[in-house]
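1. What shape does this take:
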Amino acid sequence: MKIFLIGYGKMGKMVEKLAVEAGHSIVAAVDQDQEWPAFDSENHPDVAIEFTRPDVVKDNLLRCIDLKIPVVTGTTGWESHKQIVGETCSQKGGAVLYASNFSIGVNVWLRILDFASKQFAAFNQYRVSVEETHHAAKLDKPSGTAVSAVSVLLNNLPQYHGWSLDAANGEIPVESHRIGTVTGDHAITFQSDVDRIEIVHKALNREGFALGAVVAASWLKDKKGFFDFAELFGDIFSLNNK
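-> I've put the predicted structure just below:
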């Protein structure tokens, strides 16, 4: 598989390492402000993997669609642009797969959270809160994974109608911290006056994110459509493990 890396920071370099180890080739890698190369029939990528910034991801995805390059993106914080990217992808026959987190563990954690929150829906004495911590260089706040977790909670807990960093009544409180070099910690707490239950995920390094992106790219390269990794990760990884 010939891969074009869009974004060549820590995540891009980790994706490169794992992709090469898996036998794939990197046909080009550009950092966020570099010019893209001109691709010909010999070096045209099978797929692009994009890890950049919230302010440039939309343009990167639309450009990949125009160039007929299927693209996997792990950039978060661009929710307001998803509709236009999805519509353009459909109109032009493109292929885009996005994720707030490519980690197997996080996606299993979200399913555990889905099950648990459905059980707690019957017990209004439990209050829910969300806390996430990432490295100081992470730009979006809260993290895309925290937003995904909140979406699960809001689907299952009818007593809440929204979320906020400064939560009022009826909103799920979300705390975001940017500290040092923390890869990514997420904790969901259900607390009553008598006990406290925490559902926690801690990323030990970036390798899980990068591995998931490479596997997702292999799944996407021959497809067309606008895909949410969280809805498909079971199929994607079961195919990879055959």
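
2. pretty sure V152 belongs to a strand, no?
-> No - the assignment for V152, made by DSSP: H, G, I helix; E, B strand; the rest coil, is helix rather than a strand.

3. For it, grab the count of nearby residues.
-> Per other CB atoms under 10 Å, the neighbour tally for V152 reads 20. To be clear about C-beta, it is placed using only N, CA and C from the backbone, and glycine gets the same treatment.

4. Quick one: residues contacting it.
-> L110, L113, D114, S117 (CB atoms under 8 Å, 6 or more residues apart in numbering).

5. Quickly note the distance from it to A230.
-> Noted for V152: a distance of 10 Å to A230, by CB to CB, to the nearest Å.

6. tell me, what's touching the two both at once?
-> Common neighbours of V152 and A230 (CB under 8 Å, 6+ apart) are L110.

7. Assign P142 to helix, strand or coil.
-> coil.

8. Quick check: closest non-adjacent residue to it.
-> S176 (4.4 Å; CB to CB, 6 or more residues apart in numbering).

9. Please apply the same query to V20.
-> The nearest residue in space to V20 (CB to CB, 6+ apart) is I26, at 6.8 Å.

10. so what's that neighbour up against?
-> I26 touches I3, F4, L5, E16, A19, V20, counting by CB under 8 Å, 6+ apart.

11. Over to S143?
-> Contacts of S143 by CB under 8 Å, 6+ apart are T76, S100, E132, H134, S176, G184, H186.

12. try Y98
-> Taking CB under 8 Å, 6+ apart, one finds V72, T73, G74, K82, F227, D228, F229 in contact with Y98.

13. And the pLDDT for the residue of the chain positioned farthest from its centre?
-> Of all residues in the chain, V194 has its C-alpha farthest from the mean position, at 35.0 Å, by CA atoms, centre = their mean. Note on V194: pLDDT of 98.

14. next one: the one 3 residues further on
-> What the model reports as pLDDT for I197 is 98.

15. correct me, but H135 touches V182?
-> Yes - counting by CB atoms under 8 Å, H135 does reach V182; the two are 5.3 Å apart.

16. Those two: which has the busier surroundings?
-> The neighbour comparison of H135 against V182 (other CB under 10 Å) goes to V182, with 16 against 13.
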